[in-house]
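Undergrad: here's a sequence, model it:
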Amino acid sequence: MQKSTKKKVTLYSDGSSLGNPGPGGYGGILKFNSHEKEFYGGEPHTTNNRMELRGVIEGLKLIKEPCDITVVSDSSYVINAINSWLNGWIKKDFKNVKNIDLWKEYIDISKPHKITGIWVRGHNGHEENERCDTLAYDEAQRQKELLIEKGK
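TA: Residues are numbered from 1 along each chain as shown. Next up is the predicted model:
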């Protein structure tokens, strides 16, 4: 068996929405050796699952070369899809699947990488997951405030 020569990166991610749908945010942390990068963003009208998936997609966009990536998330939706469901969804042309636009974006952006998902229990003291949760929630709050300022 040949050992992979790709860099090993861990992508921690979380999503949040205030209402489902409602204003939402995502937050993430990329770790490679001793390097760490936080990222976050949001949308004014979205769902929790869309923000969970958007966090993974945006994290993958920051990776500039093919890598072995471990995605760590408290979203069973995202982790189960990455590890198990996605190939079946592709075979049935995404029939009855939600968030097709984001899953197709995920497929495109993930092509150069080998990705494995690991589920962690949310709000359970996992340091990186707690930080991602804070980033996501803070961004969802910011999106809510922007809507209030705009009078929507």
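
Undergrad: can we go C-alpha only for contacts and neighbour counts from here?
TA: Fine.

Undergrad: all strands for this protein, in order.
TA: In the chain, the strands defined using DSSP state E lie at 7-17, 22-32, 35-46, 67-73, 114-119.

Undergrad: go through these and name the closest to A140.
TA: Judged by C-alpha to C-alpha, the one of the strands of the chain that comes nearest to A140 is strand 22-32, at 4.1 Å.

Undergrad: quick one, the closest one and strand 67-73 angle?
TA: Here strand 22-32 runs at an angle of 140 degrees relative to strand 67-73 (axes from the mean of the first three to the mean of the last three C-alpha atoms, to 10 degrees).

Undergrad: can I get strand 22-32 in CSV, CA atoms only?
TA: Output of strand 22-32 as CSV, limited to C-alpha atoms (Å, rounded to 0.1, in the frame of the first residue of the first chain):
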residue,chain,number,x,y,z
GLY,A,22,-33.5,33.1,9.1
PRO,A,23,-30.3,35.1,9.2
GLY,A,24,-27.4,32.7,9.3
GLY,A,25,-23.7,32.3,9.7
TYR,A,26,-20.9,29.8,9.4
GLY,A,27,-17.5,29.6,11.0
GLY,A,28,-14.5,27.4,10.5
ILE,A,29,-10.9,26.6,11.4
LEU,A,30,-8.3,25.2,9.0
LYS,A,31,-5.4,23.4,10.7
PHE,A,32,-2.2,22.3,9.0
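
Undergrad: helices or strands up against that strand?
TA: Secondary-structure packing of strand 22-32 (3 or more C-alpha pairs under 8 Å, 6 or more residues apart in numbering; DSSP states H and E): strand 7-17, strand 35-46, helix 48-61, helix 127-150.

Undergrad: now the angle from the last one to strand 22-32?
TA: Just to be clear, that refers to helix 127-150. Going by the same axes, to 10 degrees, helix 127-150 is angled at 150 degrees with respect to strand 22-32.

Undergrad: what does helix 127-150 rub up against?
TA: Contacting residues not belonging to helix 127-150 are listed as 12-18, 23-29, 40-44, 72-74, 120, 122-124 [C-alpha atoms under 8 Å, 6 or more residues apart in numbering].

Undergrad: in it, what's buried?
TA: Buried residues in helix 127-150, counting neighbours by 16 or more other C-alpha atoms under 10 Å, are found at 128-144.

Undergrad: nothing else from me, thank you.
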